[in-house]
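Peer 1: dropping the sequence and predicted coords here.
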Amino acid sequence: MKFVSTRHAAPAASLSQALAAGLAPDGGLYVPEHRPQLQSWSAQGSFAQTAAAVLAPYFHDDALERALPELCEQAFDFDAPLRPLATADDHVLELFHGPTAAFKDFGARFLAACLARLQQGRERPLTIVVATSGDTGAAVAAAFHRQPGIRVVVLYPDGRVSPRQAHQLGCFGDNIHTLRVAGSFDDCQAMVKQALGDRELQHAVPLSSANSISLGRWLPQMSYYAHAALVHQAQTGHVLNLVIPTGNLGNAMAAILARAMGLPLGQIALATNANEVLPRYFHGEAYQAQTSVATIANAMDVGAPSNFERLRWLYNDDDVALRGAFTAEAVDDAAIREVIKRRHDLHGEVFCPHTATAVARLEHLRAAGAQGHWAVAATAHPAKFESVVEPLIGQVLDVPPALAALLERPAQAEACAPEYGALREVLLRG
């Protein structure tokens with residue numbers, strides 16, 4: 001399969017070429033040249049086997065095609081369990097059992113496995129440059145840590161991530177260089193996009209991306225939705241509907257593409273924090289990026305969601321059809337806190353702030369009469385946000401062993417101005 005740009009001004013690329021480039025030369029995002037639709041799906045056994053089956057059409061005729069099953073086994077050595085919630089027919093899809101306790105581990109580890117294979121035998125190192133609003137950077141750093149021939153430069157908004165997130169971002173060292181940017185996530189993302197589009201810089205320093213703009217992050221995220229939906233249907237006979245907390249739209253776009261392929265997924269509802277770009281659009285306003293607002297669900301503090309380009313591509317830029325297919329709702333900090341406290345007090349359930357936005361959205365859907373089986377995507381372990389969650393539930397959270405090991409390491413990050421020139425200097429420095 002070939003991949004084309006959402007902006008239609010770049011030549012088609014192979015999967016391997018698109019993975020290595022990150023961003024298309026015209027500044028657009030790579031998308032499949034055609035959308036595979038399979039009529040018959042069944043549970044494939046293990047999570048890795050399901051992933052290989054779902055991804056196979058996209059790897060067809062690529063240099064990585066024969067390695068796909070091995071790549072999936074290597075990347076997906078942890079589970080994404082679907083567990084029942086206390087309320088009837090409601091579930092939580094736990095995506096935080098990877099090494100950095102966030103859903104970003106799935107895509108980051110798969111991308112790292114792909115790029116490490118593509119880098120074999122190449123003399124020039126590849127630099128992965130990535131902006132993070134909290135969880136992406138740590139997942140990418142963990143996935144690429146000490147990978148030969150690859151270095152990583154992580155940018156995060158200083159003071160806008162949780163203390164434990166900040167520690168994770170700076171605790172790797174070696175081939176991982178962390179920049180704390182005196183600005184917002186949108187500033188970080190804009191700097192990364194400018195670097196990826198800087199041809200003079202690319203000639204001196206080969207670059208790629210590990211944000212959700214990368215195919216290698218986006219496509220494998222379909223796997224956990226596919227596996228959960230297939231297993232749930234086999235066990236219950238019901239199609240699974242989803243509520244997905246979202247900021248940059250990458251995780252939601254993975255579910256949307258999986259459904260478009262014919263997987264047994266029903267409605268897909270979106271939940272954001274107080275950054276209301278998507279809810280305003282889906283309520284009928286013109287799409288308009290805005291300055292991001294800092295919230296307690298910081299990984300979703302995005303005012304210009306990059307993957308909106310992919311969403312429009314999937315619906316052929318038809319705003320009427322797109323607005324008819326999805327809904328989005330904003331949940332403010334007060335409501336997030338209320339959900340965390342109430343669900344713990346009533347049911348003993350503990351959610352991170354991002355997952356709590358989706359739980360709030362599901363409660364509103366149920367109150368409005370939504371039927372069927374639903375799952376909330378739990379994007380991070382609540383222990384990553386102990387300063388928010390622990391005061392609300394009145395107890396100390398157990399820290400997953402992998403996260404605890406990272407928190408025991410020393411951490412440091414270099415201060416960086418929110419200007420492209422500052423990032424370019426770091427990238428050229430090597």
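Peer 2: It's in.
Peer 1: mind listing the strands for the stretch 251-400 of the chain?
Peer 2: Using DSSP state E, counting those that start in this stretch, the strands of the stretch 251-400 of the chain run over 265-272, 327-330, 373-378.
Peer 1: highest mean neighbour count out of the ones you listed?
Peer 2: Most buried of the strands of the stretch 251-400 of the chain, by mean neighbour count (mean count of other CB atoms under 10 Å): strand 373-378, with a mean of 25. C-beta here means a position set from N, CA and C on the backbone, and glycine is covered the same way.
Peer 1: tabulate the strands of the stretch 251-400 of the chain (TSV), appending distance to residue 34 and mean pLDDT.
Peer 2: Listed next are the strands of the stretch 251-400 of the chain as TSV, based on distance: least, CB to CB, whole Å; pLDDT from 0 to 100:
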stretch	distance to residue 34	mean pLDDT
strand 265-272	20	98
strand 327-330	27	97
strand 373-378	27	98
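Peer 1: residues in contact with the helix or strand bottoming out on mean pLDDT in the chain?
Peer 2: Least confident helix or strand, the chain: strand 207-209 with a mean of 88, by mean pLDDT, DSSP states H and E. Residues from elsewhere that reach strand 207-209 (CB atoms under 8 Å, 6 or more residues apart in numbering): 19-23, 115, 126-130, 192, 195-196, 201, 214, 427.
Peer 1: please flag which of these sit within helices.
Peer 2: The helices, defined by DSSP state H, take in 19, 20, 21, 115, 192, 195, 196, 201, 427 from these.
Peer 1: now those in a markdown table, with pLDDT, neighbour count and distance to residue 65?
Peer 2: Output for the ones in helices among the contacts of strand 207-209, formatted as a markdown table (pLDDT from 0 to 100; neighbours: other CB atoms under 10 Å; distance: CB to CB, whole Å):
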| residue | pLDDT | neighbour count | distance to residue 65 |
| --- | --- | --- | --- |
| 19 | 92 | 25 | 13 |
| 20 | 87 | 20 | 16 |
| 21 | 86 | 21 | 19 |
| 115 | 92 | 24 | 16 |
| 192 | 93 | 27 | 29 |
| 195 | 94 | 24 | 30 |
| 196 | 89 | 21 | 26 |
| 201 | 95 | 19 | 31 |
| 427 | 96 | 19 | 32 |
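Peer 1: out of the residues you listed, who's nearest residue 50?
Peer 2: Taking CB to CB as the measure, residue 50 lies nearest residue 19 of these, at 20.9 Å.
Peer 1: how about the closest one: what's its closest non-neighbour residue?
Peer 2: residue 216 (4.7 Å; CB to CB, 6 or more residues apart in numbering).
Peer 1: need the contact list for that neighbour.
Peer 2: 19, 107, 110, 111, 114, 115, 210.
Peer 1: the closest residue to the second one other than its chain neighbours: neighbour count?
Peer 2: In other words, residue 107. Excluding the flanking residues, the one nearest residue 107 by CB to CB, 6+ apart is residue 217, at 3.7 Å. Residue 217 has 27 neighbouring residues, counting by other CB atoms under 10 Å.
Peer 1: quick one: low-confidence parts of this protein?
Peer 2: Applying pLDDT under 70 to the chain flags the ranges 39, 43-44.
Peer 1: where do the helices of the stretch 301-430 of the chain begin and end?
Peer 2: Remark: helices assigned in the stretch 301-430 of the chain by DSSP state H, counting those that start in this stretch are 308-314, 319-325, 333-347, 353-367, 386-393, 401-407, 420-429.
Peer 1: tell me which of these is the most buried.
Peer 2: Among those, the stretch with the highest mean neighbour count (mean count of other CB under 10 Å) is helix 353-367, at a mean of 25.
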